[in-house]
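Undergrad: Generate a structure from the sequence data that follows.
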Amino acid sequence: MDCTLDDNFTPASSAEFSELERRDVVFTSAGPVTIHRPFGRESKGDVLLLPGWSGPRTGPADALVFIATRLAENGWTATRLDLPGRGDAPASAPVDLDGMIAAASGGVSEFKSKRRVLLGICSGGNVALGAAPLKNCAVIDTVIAISTFPFQPARTQNFDRLRRWNNLKRYAAKALSPATWLRLIKGEINVDRVKKNVAATDATAGTRNLKDSARNIEKELQQWKGSALFIWGGGDEEAPPARTHYEKLHATGLGAPGRVRFHTVPGANHNFYGKAWREEMVAEILAFLEK
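TA: Predicted coordinates for the structure are as follows:
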């Protein structure tokens, strides 16, 4: 797998500053990248943040912006990018999981620090985990996976059925809100995406499931001995079977002994919409990185 990107970084015309953070936008051949840097001090290392399957580099309800800002304020350089064909990133063909993994690995290869971390939310966590074992890419010593489900071959019919039911309940609750109908009238809601989420259907190109890697990633992860942090929300009904799955994978080899942690934020939903939930999530991330 080719893990290089032809990135010619061009500084953006402006940058944002705070007392603890400097934020720049740079433009590459793979699309714009937003970089959060600690202001006025040396960086502890680099963290690449990866959005979900169809989301932009801001993450759901700006979750990745929130995480990146907190990372920079605490001394880390946090980079947010759009995966191919998402957000502002170009794509010439339907992008599969392996293409996203290659893009993420290429982004990490640009890092110059000794600490290189991949952080992904939902399917972005699968991308991060898929990049971790690659030997011909930059060394990734830490992966943080938030609200991440098992890879496609490990999912069961019961898991997908539960996912469809949870999506249906969530959208039914939103349908009762006047604000939802106002957004629908304004054309602010992607109806096709809602249909896919309710049906919990996977992206396909012909008969091929784009979310299914050509590699046996979970088998490769059993040989990977880095550090990993898994975080789920206690209010996400799909989280318990996902956590059980990755705990079993850890027991059979994923990650170095004593360097893999599993955490559930009580009450939090899949995308961690509540500020208190996000604060606890970030506190766990920062504590894990410091260790």
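Undergrad: Point me to the helix or strand that includes the residue most central in space within the chain.
TA: Residue closest to the average C-alpha location in the chain (Cα atoms, centre = their mean): Gly120, at 2.1 Å. Assessed by DSSP states H and E, Gly120 sits inside strand 116-121.
Undergrad: cool, Thr79 as well?
TA: Using DSSP H and E, Thr79 sits within strand 77-81.
Undergrad: Quickly run through the sheet partners of that strand, with directions.
TA: Strand 77-81 has the following sheet partners, assigned by DSSP bridges: strand 31-38 (antiparallel), strand 46-50 (parallel).
Undergrad: Pull the distance from the shortest one to the chain's centre.
TA: Put plainly, it is strand 46-50. Distance of strand 46-50 from the chain centroid (Cα atoms, centre = their mean, to the nearest Å) equals 9 Å.
Undergrad: what sits up against the helix or strand that that strand is followed by?
TA: Using DSSP H and E, the helix or strand that follows strand 46-50 in sequence is helix 63-73. Outside helix 63-73, the residues that touch it by Cβ atoms under 8 Å, 6 or more residues apart in numbering are 18, 20-23, 34, 36-39, 47, 49, 51, 57-59, 77-80, 119, 121, 271-272, 278, 281-282, 285-286. Quick note: C-beta positions are derived from backbone N, CA and C, even for glycine.
Undergrad: For the strand holding Gly120, C-alpha coordinates in CSV please.
TA: The C-alpha trace of strand 116-121 is given here as CSV (Å, rounded to 0.1, in the frame of the first residue of the first chain):
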residue,chain,number,x,y,z
ARG,A,116,3.1,10.3,16.7
VAL,A,117,-0.5,9.7,17.6
LEU,A,118,-3.6,8.8,15.5
LEU,A,119,-7.0,9.8,17.0
GLY,A,120,-10.2,8.9,15.2
ILE,A,121,-13.9,9.1,16.0
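Undergrad: For that strand, which helices and strands make contact with it?
TA: strand 46-50, helix 63-73, helix 97-108, helix 123-131, strand 142-146 (3 or more Cβ pairs under 8 Å, 6 or more residues apart in numbering; DSSP states H and E).
Undergrad: So which bits of stretch 80-91 are buried?
TA: Residues of stretch 80-91 classed as buried: Arg80, Leu81, Asp82, Leu83, Pro84, Gly85, Arg86, Gly87, Ala89 (neighbour count, 16 or more other Cβ atoms under 10 Å).
Undergrad: For the residue nearest to Ala256 when sequence neighbours are not counted, I want the exact helix or strand it lies within.
TA: Take Ala256 and drop its neighbours on the chain: the residue closest to it by Cβ to Cβ, 6 or more residues apart in numbering is Lys225, 4.4 Å away. Assessed by DSSP H and E, Lys225 sits outside every helix and strand.
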